[in-house]
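> Need coordinates for the below:
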Amino acid sequence: MKIVVIGGSGLIGSKLVGILGAQGHDAVPASPKTGVNTLTGDGVAEALAGADVVVDVSNSPSFEDAAVLEFFETSTRNLLAAAAEAGIGHYVALSIVGCDRIPDSGYMRAKVAQEKLIAASGMPYSLVHATQFFEFVQGIIDAATEGDTVHLAPVLIQPMAADDVAAAVAEVAVGAPTNSVVEVAGPEEFRMDELGRSVLAAQHDPRTVVADPDARYFGTKLGERSLVPADGARIAGTRLEDWRARTAGGK
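Here you go, the predicted model:
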């Protein structure tokens, strides 16, 4: 099966290409590094020619509200048009658990706009909603830091390893289109402030974490369950301590 991975040079995309290739599929990475630019449309039709499945795990180079909306809407329109022309039988996109519950975030609004375009296209599709990655928790902490204090909302978060995200997307990509959302999440729920303390303690970082109900998550206020999946989500196997041990070992 020929599977084109849009964003195939990034964190999830490169892992996905490796997984699919190991399964015997013709996994083709497509990104600006390989001459494929979904925003301008350059190289898109050529990349999708003869493919069975396209998987979009790309990301906007800018997180500014207008720019990220333009990226996802324009890129998705270009990809959908090329996918229809190529006769693609399954269009898969990676999105975020809770994106439809955080409307104050420009990034989340852009992801919702992307999903609406896909669902309305008539193309057989699957949307994979993943929870936050372990790999990005440090960035959440740093973004919430003021001086030596980290302000994190005491809401639920259920993070997962990037390897598990890629594995879940691969499983969906080689299956039949669901024409719906598939949620995937890590095996453990944490309070975000507790997770922050755990991460800093493991690094012997002296910053203090404060449980602040008004703390913003990249500019937006969170509800109790904004970042966790509904019942029935696919649960990945890698626990936080497993991931720490693996990454500490350079694996």
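> For the nearest residue to Val181 once chain neighbours are set aside, give the beta-bridge partners.
In space, and not counting its chain neighbours, Val181 is closest to Leu127: 4.7 Å by CB to CB, 6 or more residues apart in numbering. Every residue, glycine included, has its C-beta placed from N, CA and C. Beta-bridge pairing of Leu127 under DSSP bridges involves Ala93, Val181.
> What values do phi and psi take at the residue nearest to Glu188 when sequence neighbours are not counted?
With sequence-adjacent residues excluded and distances taken as CB to CB, 6+ apart, Glu188 is closest to Arg239, at 5.8 Å. Here is the backbone geometry of Arg239 (degrees, to the nearest 10): phi -80, psi 160.
> Help me confirm that Arg239 comes into contact with Ser198.
No. Arg239 is beyond contact range of Ser198, at 11.9 Å (criterion: CB atoms under 8 Å).
> Which parts of this protein are helices?
11-22, 44-48, 65-86, 106-120, 137-143, 162-173, 192-202, 240-248 (DSSP state H).
> Just want the angle from the fourth one to helix 65-86.
Between the axes of helix 106-120 and helix 65-86, defined by axes from the mean of the first three to the mean of the last three CA atoms, to 10 degrees, the angle is 20 degrees.
> From the contact counts, what lies against helix 106-120?
Applying 3 or more CB pairs under 8 Å, 6 or more residues apart in numbering; DSSP states H and E, one finds that helix 106-120 makes contact with helix 65-86, strand 90-96, strand 125-130.
> how about those in a markdown table, adding mean pLDDT?
Below are the helices and strands packed on helix 106-120 laid out as a markdown table (pLDDT from 0 to 100):
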| stretch | mean pLDDT |
| --- | --- |
| helix 65-86 | 97 |
| strand 90-96 | 98 |
| strand 125-130 | 98 |
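> Make TSV from these and add distance to Asp142 and mean neighbour count to it.
Shown next, in TSV, are the helices and strands packed on helix 106-120 (distance: least, CB to CB, whole Å; neighbours: other CB atoms under 10 Å):
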stretch	distance to Asp142	mean neighbour count
helix 65-86	20	19
strand 90-96	19	24
strand 125-130	21	24
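> could I get those as CSV with distance to Val155?
Listed next are the helices and strands packed on helix 106-120 as CSV, based on distance: least, CB to CB, whole Å:
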stretch, distance to Val155
helix 65-86, 23
strand 90-96, 15
strand 125-130, 17
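> What is the burial count for Leu200?
Counted by other CB atoms under 10 Å, the residues lying close to Leu200 total 17.
> now Val182
For Val182, using other CB under 10 Å, the count is 19.
> do the same with the one 4 residues further on
Gly186 has 28 neighbouring residues, counting by other CB under 10 Å.
> wait, what's in contact with Pro206?
Listed by CB atoms under 8 Å, 6 or more residues apart in numbering, the contact partners of Pro206 are 148, 200.
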